[in-house]
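J.: Predicted model and sequence follow; I will ask about them next.
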4 protein chains.
Amino acid sequence: MSRVLNPRGFASDNNAGVHPVILEALREVNQGHVIAYGDDPYTGKAVAGIREIFGAGTEVFFVFIGTAANVLGLSTVTQPYQAIICPESAHINVDECGAPEKFSGCKLMTCDTPDGKLTVDMIAYHMHGIGFEHHVQPRVVSITQATELGTVYTIDEISEIAGYVHSHGMLLHMDGARISNAALSLDCTLLEMTGGAGVDILSFGGTKNGMMYGEAIIFFNKTLCEDFKYRRKQGMQLASKMRYIAAQFSAYLKDGLWMENARHANLMAQKLYTAVKDIPGLTVTQKVESNAVFAKLPPEIIPALQQEFFFYVWDEELSEVRWMCSFDTTEEDIASFATKIRSLLQ
Amino acid sequence: MSRVLNPRGFASDNNAGVHPVILEALREVNQGHVIAYGDDPYTGKAVAGIREIFGAGTEVFFVFIGTAANVLGLSTVTQPYQAIICPESAHINVDECGAPEKFSGCKLMTCDTPDGKLTVDMIAYHMHGIGFEHHVQPRVVSITQATELGTVYTIDEISEIAGYVHSHGMLLHMDGARISNAALSLDCTLLEMTGGAGVDILSFGGTKNGMMYGEAIIFFNKTLCEDFKYRRKQGMQLASKMRYIAAQFSAYLKDGLWMENARHANLMAQKLYTAVKDIPGLTVTQKVESNAVFAKLPPEIIPALQQEFFFYVWDEELSEVRWMCSFDTTEEDIASFATKIRSLLQ
Amino acid sequence: MSRVLNPRGFASDNNAGVHPVILEALREVNQGHVIAYGDDPYTGKAVAGIREIFGAGTEVFFVFIGTAANVLGLSTVTQPYQAIICPESAHINVDECGAPEKFSGCKLMTCDTPDGKLTVDMIAYHMHGIGFEHHVQPRVVSITQATELGTVYTIDEISEIAGYVHSHGMLLHMDGARISNAALSLDCTLLEMTGGAGVDILSFGGTKNGMMYGEAIIFFNKTLCEDFKYRRKQGMQLASKMRYIAAQFSAYLKDGLWMENARHANLMAQKLYTAVKDIPGLTVTQKVESNAVFAKLPPEIIPALQQEFFFYVWDEELSEVRWMCSFDTTEEDIASFATKIRSLLQ
Amino acid sequence: MSRVLNPRGFASDNNAGVHPVILEALREVNQGHVIAYGDDPYTGKAVAGIREIFGAGTEVFFVFIGTAANVLGLSTVTQPYQAIICPESAHINVDECGAPEKFSGCKLMTCDTPDGKLTVDMIAYHMHGIGFEHHVQPRVVSITQATELGTVYTIDEISEIAGYVHSHGMLLHMDGARISNAALSLDCTLLEMTGGAGVDILSFGGTKNGMMYGEAIIFFNKTLCEDFKYRRKQGMQLASKMRYIAAQFSAYLKDGLWMENARHANLMAQKLYTAVKDIPGLTVTQKVESNAVFAKLPPEIIPALQQEFFFYVWDEELSEVRWMCSFDTTEEDIASFATKIRSLLQ
């Protein structure tokens, strides 16, 4: 599959490139010497920009990738005999090759969910054996916004989970690899959906929405991350030339680039949904609330379709596929994709 | 210390920015969609470029930073009850916040060295308790080329260590964060100094020599890394948009950019050495064999000097400082630095 | 609950004491000095005794407890990016406080089972993402014999699982904390049910069947445990005065003490089953195939019953309790227990 | 070497057997059922006995062996990015197969010591890089009393170390595998030498002084061990039939058995010292302050001597041997040993 994909496919939002504004930002900070490892003015400025959005009381740290943001955020607030409750479909459970267990020592307790969204009842199922030393002790609940299935928690749903979690002395983590898409979907601020709704730790991602690399971990309570700097370094995630992650975030947040990109990707997903939902033989399987469309197709047409527009089969057994739109998906991409599907299904 | 440093300082080669050719390479690959996580033509091309240098039989993997290259390379060939022998001054021992122990479980057995270079005798000191289950079992020897003290192992010295290591059923790892500076210093090829001299695993760094981020781990024997891809993912070092690391390496290796940068940095270190070595009150403490100058200075002049040209004190007690030159250090930087030193020491 | 229980309860087979023959064995080896850590004739003799049962080609190691036998056995044959498939109800999943994850780094992939027994279909559910670096890689299947629910795999069932497991390049581990009870239940030899049926690694327990402490890990293939001695020491499970574990095993195996104890405990469970199964208001919930009886009771009578005969509630929500019989349970214990239940249920 | 040693050797105090009073205690508690895992009256009584010695404010936990007492005690008060400072010769550094690193993730920072005893100056050497995220952060100092070289810290020496340690926000751990021998040597109470002198965490050993198995971890400050019960279980050190460890401790402390045994072993070491110190060709290399004698011997006589009385060579290169006396060493053992040495050296 080693080829430049043309036209753009629907495999993943990280198959897309980097937004030109981000590239330009890298060029702009490329002058002179600055102290390495984050003690530079560009990093200070990027952190300030993030705090404007999430609150002056937050602590912000940059790492290289989303898996690291999740794993280091979770490790920092857990001890190895504790547990992390998450959906069966969570990225931390199925797509991080066991990094959460390896790095934190914790067990992941998973919940079957039809749409990738946890509920209080699902969490409550795991709340037993508390204080009993033979059992791991639940410490964090992790939710993904938007979920791995493209669905989006409402602010009320997040608040309800946060309330339950906090009333049990636990913390709420949010994997925000696609948090921008969720915010645009809910038409709310990033803060309302995160710290404002009770989230304690946020993996704030940008790579899937036009950045090159770099993610932020945001702690809404400073007491949770007093030793985080050591964990980041020991976790092999302290960038020496930090200014180049910082510059990306500053550009990403300035002038609403993050919103523009996410709005576009979401809109493309809606258009794709509209274009395919009534094609006979195809069934959309999840609500289209962010930049993903999930659908069931007859298995025999999938290879031919993938040949032209690359994408992944989500569930082999169900013949369910995932189509992701990105900041650079075009209406033409969608039109020709839908045409191709229609022709294959006739 | 959060400021843009002007003029350039001598704190670290990673306080420098990114070479323009590297930046341009990022722009060039920024088109269309490609498969994420390395299954793209740019990554294929970069790996091929590295194999041209290190041999067709090598396996090459990209990670984000040098600490990760070291830790994942070492973890892959060790079990937790084994040990890694290295100099006391090794980056893996003093500058990685315990990541090698945390991630591999292994003990580091360290050797005092006057100049950062291991010898067979030093290694042999730790070769006891073999087969005795109460003791950790030495498995890898790790050397740094150029060393953290700016010195350089000759090819013969590396071969001798490799011979000893292999005759004891162990492996030789090289931390090559500044391997380009060493190669230029020895006027040899990268291969002669690594795989050709018996190195089994190499952390091949470029960030300190003009790249933005990204390092390569090179295994000279494929059987050592059959499961490395899982370790990289679990180690939180698998880049999604891999093409941007790959593009940097391709540009770095093409037309000898790595050599040009390293040659310049080494030359600047020689010029700095020449400019300061005879200043009364200053003693150069290590051979200047790569891009570093170590010197003892009266402690009272250090703050004033740092004010203008930032650098680090290496050993507080000895009042020993470290000055690093980089690909963008200029003769003017050196001249004004030396002038400043001279004036402070009068 | 800190009291000597009189009469004996049904809480757990490890609430029982030590069989007098075992105690006497400790006294017998208590003479003179012997080399510590297992290099003594008593350990040699115990290992030989175990090999007589399980085969001359096995490797045998003693540890202190069952959790350690499981965790060290599993850790030895796995790498941290691999996975262990087991029933949701497995001791390694619910009763070891996350020790398998902490020590091995592996993820546990669990299967819902009605009776604590895995099937090939359940295992197959987890067999995807093979070779895909984002996923953990299944490496071992762990089954418990007799299960945590008192049920027993037939030899054919074990063989079928082993066949599937081996055909996928994986290994089969058996948690044999109550393996003696299972062997008596099936009326087969220990070997037929373990190595003979394809088990690769066995935790061979005796503590629940009359020993004081000490378990054996048995590898049916020596190549699996070439470095086990280091893992045991690093796992904090190498006994200095090893002869006292060895002496217990020798006594346990000699003259069929293990069989006598297990036969008795199983028989008591059958008698308990017979005595309670027809009591109105009580429902036995699992097949009684070893030394456990599981039953549903009206929740309101449980505290009164526990007052006199201690036992554990297995599932609070279902009001399901677990009653374990042990080598020293008497017919009188059962009669008075059944009488008490009957009277409370009237 | 697999043989019953007769006459008793000088290899190790754990080559000795179990004191008859301990064996008898095991028999006495062997009646009826009690709750497993420590919630039984025997455990309560043993803990109370230990608290009588070390103070009502201590927390006491039983584990199986000394390595586990050390590793779990240290793990509980550290995070993986921290460091443990100890002598190069410490058991945790050379005899636990890397268990401290594997289980805690921490780096061990070692100090060369002539006699196995740390000093404040040695500790201070490692106290740099504090607050610097590239460095591990010193958190605990671990000393061994009596040391691995048979020497004994005075109470003042311990207090001085504790004062330094605490003034730097760190904790003091004591490996007390031979703490009874030290207490008898100093003629002080166990408390004066531990909590009274500033020790925070104590591994309180009995196995080397007449017990069969089992060690206690004592925390002098309850806030240090609020989650210890989970760490013990996850650390595979929670005994099911806990009463048998408890019974040993109760017997060990009652009527001063621990003192009697330690006094005897120390006395035997003094007699051995007296018997050999003037033999030409033999040099005693360490002060004889507990139950060990270290000596240099001509290498050629060692095998013949070991043939009859087993012991270990401590330092092959120096031809230095270690002779341990135990609670059952007799004056005859010493007389015949000394005679043998004398004859071999003529």
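T.: Right, received. Where do you want to start?
J.: where do the helices sit along the stretch 151-300 of chain A?
T.: Assigned by DSSP state H, counting those that start in this stretch, the helices in the stretch 151-300 of chain A fall at A:155-167, A:179-186, A:190-193, A:228-234, A:243-253, A:257-276.
J.: Check the secondary structure at A:Phe61 for me.
T.: Reducing the assignment to helix, strand or coil with DSSP: H, G, I helix; E, B strand; the rest coil, the entry for A:Phe61 is strand.
J.: The stretch 101-250 of chain A against chain C: which residues are in contact?
T.: By C-beta under 8 Å from any C-beta of the partner chain, the residues of the stretch 101-250 of chain A that approach chain C are A:101-102, A:105-108, A:128-129, A:133-136. (Each C-beta comes from the backbone N, C-alpha and C, glycine too.)
J.: coming back round to it: out of the helices of the stretch 151-300 of chain A, which gets nearest to chain B?
T.: Minimum separation from chain B across the helices of the stretch 151-300 of chain A (C-beta to the nearest C-beta) falls at helix A:228-234, 4.1 Å.
J.: Now A:Glu320, what are its backbone angles?
T.: Here the main-chain torsion angles of A:Glu320 (degrees, to the nearest 10) amount to phi -100, psi 130.
J.: ok, it to A:Tyr312 distance?
T.: 10 Å (C-beta to C-beta, to the nearest Å).
J.: of these two, who's got more company?
T.: With other C-beta atoms under 10 Å in any protein chain shown as the criterion, A:Glu320 and A:Tyr312 differ in neighbour count, and A:Glu320 comes out ahead with 16 against 13.
J.: From A:Ala295, how far off is the more buried one?
T.: 7 Å.
J.: Isn't A:His168 up against A:His126?
T.: No. The pair A:His168 / A:His126 is not scored as a contact, 10.6 Å apart, by C-beta atoms under 8 Å.
J.: Would you mind grabbing the residues shared as contacts by these two?
T.: Overlap between the neighbourhoods of A:His168 and A:His126 consists of A:Pro138, taking contacts as C-beta atoms under 8 Å, 6 or more residues apart in numbering or on different chains.
J.: and stretch A:220-235, how far out from the chain's middle?
T.: Centre-to-centre, stretch A:220-235 and its host chain are 20 Å apart (C-alpha atoms, centre = their mean, to the nearest Å).
J.: Check stretch A:39-59 too.
T.: Stretch A:39-59 has its C-alpha centroid displaced from the chain centroid by 20 Å (C-alpha atoms, centre = their mean).
J.: Give me the mean pLDDT for it.
T.: Taken as a whole, stretch A:39-59 has a mean pLDDT of 97.
J.: Any residue of that stretch touching chain D?
T.: No. Looking at stretch A:39-59 against chain D by C-beta under 8 Å from any C-beta, there are no contacts, and the closest approach is 10.7 Å.
J.: neighbouring contacts of that stretch?
T.: Counting contacts by C-beta under 8 Å, 6+ apart, the residues touching stretch A:39-59 from outside are A:29, A:34, A:60, A:62, A:189-191, A:194-195, A:202, A:204, A:216, A:218-222, A:225, A:228, A:242-243, A:245-247, A:249-250, A:253-254, B:1-4.
J.: count of residues packed around the closest residue to A:Leu318 other than its chain neighbours?
T.: Closest residue in space to A:Leu318, ignoring its immediate chain neighbours: A:Lys296 at 6.2 Å, by C-beta to C-beta, 6 or more residues apart in numbering or on different chains. Burial of A:Lys296, expressed as a neighbour count using other C-beta under 10 Å, amounts to 16.
J.: Mind jotting down where the strands sit in the stretch 1-150 of chain A?
T.: Listed in chain order, the strands of the stretch 1-150 of chain A (DSSP state E, counting those that start in this stretch) span residues A:4-5, A:33-34, A:59-63, A:82-87, A:107-111, A:137-144.
J.: Of these, flag the one that's most buried.
T.: Scoring those by mean neighbour count under mean count of other C-beta atoms under 10 Å in any protein chain shown gives strand A:33-34 as the most buried, with a mean of 28.
J.: related to what we said a few turns ago, the residue nearest to A:Leu318 against A:Trp314, yeah?
T.: No. Because the distance of 9.6 Å does not satisfy C-beta under 8 Å, A:Lys296 is recorded as not touching A:Trp314.
J.: Check the contact lists of those two and give me the overlap.
T.: Both A:Lys296 and A:Trp314 are in contact with A:320-321, where contact means C-beta under 8 Å, 6+ apart.
J.: any idea how far A:Phe228 lies from D:Asp95?
T.: 34 Å.
J.: cool, A:Glu308 as well?
T.: Computed as C-beta to C-beta, the A:Glu308 to D:Asp95 distance reads 64 Å.
J.: Give me the more crowded residue out of the two.
T.: For A:Glu308 against D:Asp95, the residue with the higher neighbour count under other C-beta under 10 Å is D:Asp95, and the figures read 19 against 14.
J.: Spatially nearest residue to the more buried one, not counting backbone neighbours?
T.: Leaving aside its sequence neighbours, D:Asp95 is closest to B:His134 (4.6 Å, by C-beta to C-beta, 6+ apart).
J.: wait, what's in contact with the one you found?
T.: Residues in contact with B:His134, defined by C-beta under 8 Å, 6+ apart, are C:233, D:94-97.
J.: Between the residues you listed, which sits nearest B:Leu149?
T.: Using C-beta to C-beta, the shortest approach to B:Leu149 within those belongs to D:Val94, at 28.3 Å.
J.: Do I have it right that the closest one meets B:Phe132?
T.: No. Applying C-beta under 8 Å, one finds D:Val94 not in contact with B:Phe132, separated by 10.2 Å.
J.: who has more neighbours, these two?
T.: When neighbours are counted by other C-beta under 10 Å, D:Val94 and B:Phe132 differ, and D:Val94 comes out ahead with 19 against 14.
J.: which non-adjacent residue is nearest that one?
T.: Counting by C-beta to C-beta, 6+ apart, the nearest residue to D:Val94 once its immediate chain neighbours are dropped is B:His135, at 6.6 Å.
J.: any idea how far B:Met127 is from the one you found?
T.: From B:His135 over to B:Met127 the distance is 11 Å, taken as C-beta to C-beta.
J.: between these two, which one's more packed in?
T.: When neighbours are counted by other C-beta under 10 Å, B:His135 and B:Met127 differ, and B:His135 comes out ahead with 21 against 13.
J.: on that earlier part again, filter the contacts of stretch A:39-59 down to the buried ones.
T.: If you count burial by 16 or more other C-beta atoms under 10 Å in any protein chain shown, the buried members of the contacts of stretch A:39-59 come out as A:29, A:34, A:60, A:62, A:190-191, A:194-195, A:202, A:204, A:216, A:218-220, A:225, A:228, A:242-243, A:245-247, A:249-250, A:253.
J.: Filter the residues you listed to keep only those in contact with chain B.
T.: Among those, the residues within reach of chain B (C-beta under 8 Å from any C-beta) are A:29, A:34.
J.: A:Val71: what's it in contact with?
T.: Applying C-beta under 8 Å, 6+ apart as the definition, the contact partners of A:Val71 turn out to be A:92, A:96, A:99-100, A:103-104, A:235, B:236.
J.: Just the ones in helices from the residues you listed, please.
T.: Counting by DSSP state H, the part of the contacts of A:Val71 found in helices is A:92, A:99-100, A:103-104.
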